[in-house]
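[1] Model the structure of this input:
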Amino acid sequence: MISKDELEVYRRGGHIVSELRKIVPTLVHEGGLVRELCERVEAEIVSLGAQPAFPCNVSINEVAAHYTSPWDDVSVLPRDSIVKVDFGVHIDGYINDSAVTVSLTPIYRSMIDVAEEALRAGIARIAHGVRFSDVGEQIERKITQYGCRPIQNLTGHKVERYTIHAGRSVPNISGPVPGRFETGDVYAIEPFVTLKEAAGRVEDSEQTFIYRAVRERGVRSESAKKIVEHVRRTYKTLPFASRWLYSSLGKTVVEGGFPEAVRAKCIAGYPVLVEASGRVVAQAEHTVIVKDNGCEVLTA
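    Numbering: from 1, shown residues only. I've put the predicted structure just below:
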């Protein structure tokens, strides 16, 4: 059961995310540098009194999740694109996760509405004792009602202190899934929507820019040891961006030790996820605390 003090921290973080949800859409514009957008969102989190719970994700068109800029990124937001900005904050490890989608063309704005409607439908079903599958059914029903398709292998997830994915998943499709919501638990609910003719699933790409610490031992070089120690001390179990290390440790250390740390499996990556048929994707997300007869949306 969540304590009164923990609830207050979650609410503080949720208020920060709510402010960011107003700011973020104003930062997304054609021709803007993706790296500047990532870093601006992360800087806003700090200025509002929290820390990034993970690197700001800026996923464009068919990219569904896990793209954040590498340190030397020169990519820009393209014309007529649909842009998912997924960000999270933590205060002393207590995490709020959220996402907004911005369309730089009228063509995809209806998909964003569908994702938001599906999010509301799923959240409305959450309460103590409700099955995860019931929420997935509500989300898929709303998405298909509007002639779109959910991404079947992306899910919502339980959130715990310093753990963004805490082992329980909430589907975005109907079907049997074990598990029920329990009072006091915290979940991020996040429907992903694509076109009706799409494959409706994501695949790993060859790119990886977001990582997490896995274990401490296994590296030999001083550069790799320095990286592993820094990551464990600074980010604990939370995801981090490889570009963050360039700022804190310098190019020589990172390029000398990071590949070794990955090979030794001290650090593991989150590959960039792409819709399997190359179709565009929209996303909506809120973090909620489960209550006896409903839930409290922290990030609205």
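
[2] Gly294 reaches Gly129, doesn't it?
    No. In this structure, Gly294 is not within contact of Gly129 by CB atoms under 8 Å, at 11.6 Å. The way it works is simple: take the backbone N, C-alpha and C, and place the C-beta from them, glycine included.

[3] Comparing those two, which residue is more hemmed in?
    The neighbour comparison of Gly294 against Gly129 (other CB atoms under 10 Å) goes to Gly294, with 15 against 11.

[4] what's near enough to touch the more buried one?
    Ile126, Ala127 (CB atoms under 8 Å, 6 or more residues apart in numbering).

[5] any idea how far it lies from Ser223?
    Noted for Gly294: a distance of 51 Å to Ser223, by CB to CB, to the nearest Å.

[6] Repeat that for Val281.
    Distance of Val281 to Ser223, given as CB to CB: 37 Å.

[7] Look at those two and report which has more neighbours.
    When Val281 and Ser223 are compared for neighbours, Val281 comes out ahead with 29 against 21, by other CB under 10 Å.

[8] Helix, strand or coil: sort out the residue nearest to the more buried one when sequence neighbours are not counted for me.
    Spatial nearest neighbour of Val281, excluding adjacent residues (CB to CB, 6 or more residues apart in numbering): Ala64 at 4.5 Å. Look at Ala64: counting by DSSP: H, G, I helix; E, B strand; the rest coil, its state is strand.

[9] can you count the residues close to Ala64?
    For Ala64, using other CB under 10 Å, the count is 27.

[10] show me the contacts for it.
    Ala64 neighbours (CB under 8 Å, 6+ apart): Lys84, Ile151, Leu154, Phe192, Val202, Leu273, Val274, Glu275, Val281, Gln283.

[11] Pick out the residue closest to the middle of this protein.
    Closest residue to the average C-alpha location of the chain: Asp86 at 4.8 Å, with CA atoms, centre = their mean.

[12] Show me what counts as buried in whichever helix or strand Gly136 is part of.
    Gly136 belongs to helix 132-145 when assigned by DSSP states H and E. The neighbour-count check on helix 132-145 (16 or more other CB atoms under 10 Å) flags Phe132, Ser133, Asp134, Val135, Gly136, Glu137, Gln138, Ile139, Glu140, Lys142, Ile143, Thr144 as buried.

[13] can you tell me how far the first one sits from Ser174?
    To tie it back to what came earlier, the one meant is Phe132. Counting by CB to CB - Phe132 and Ser174 are separated by 11 Å.

[14] Which strand runs longest in this structure?
    Under DSSP state E, the strand in the chain containing the largest number of residues is strand 202-213.

[15] Give me the helices and strands touching that one, please.
    strand 63-65, helix 222-235, strand 240-241, helix 242-249, strand 267-275 (3 or more CB pairs under 8 Å, 6 or more residues apart in numbering; DSSP states H and E).

[16] Could you export those as JSON lines, including distance to Val28 and mean pLDDT?
    Shown next, in JSON lines, are those (distance: least, CB to CB, whole Å; pLDDT from 0 to 100):
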{"stretch": "strand 63-65", "distance to Val28": "14", "mean pLDDT": "98"}
{"stretch": "helix 222-235", "distance to Val28": "26", "mean pLDDT": "96"}
{"stretch": "strand 240-241", "distance to Val28": "19", "mean pLDDT": "98"}
{"stretch": "helix 242-249", "distance to Val28": "19", "mean pLDDT": "96"}
{"stretch": "strand 267-275", "distance to Val28": "19", "mean pLDDT": "98"}
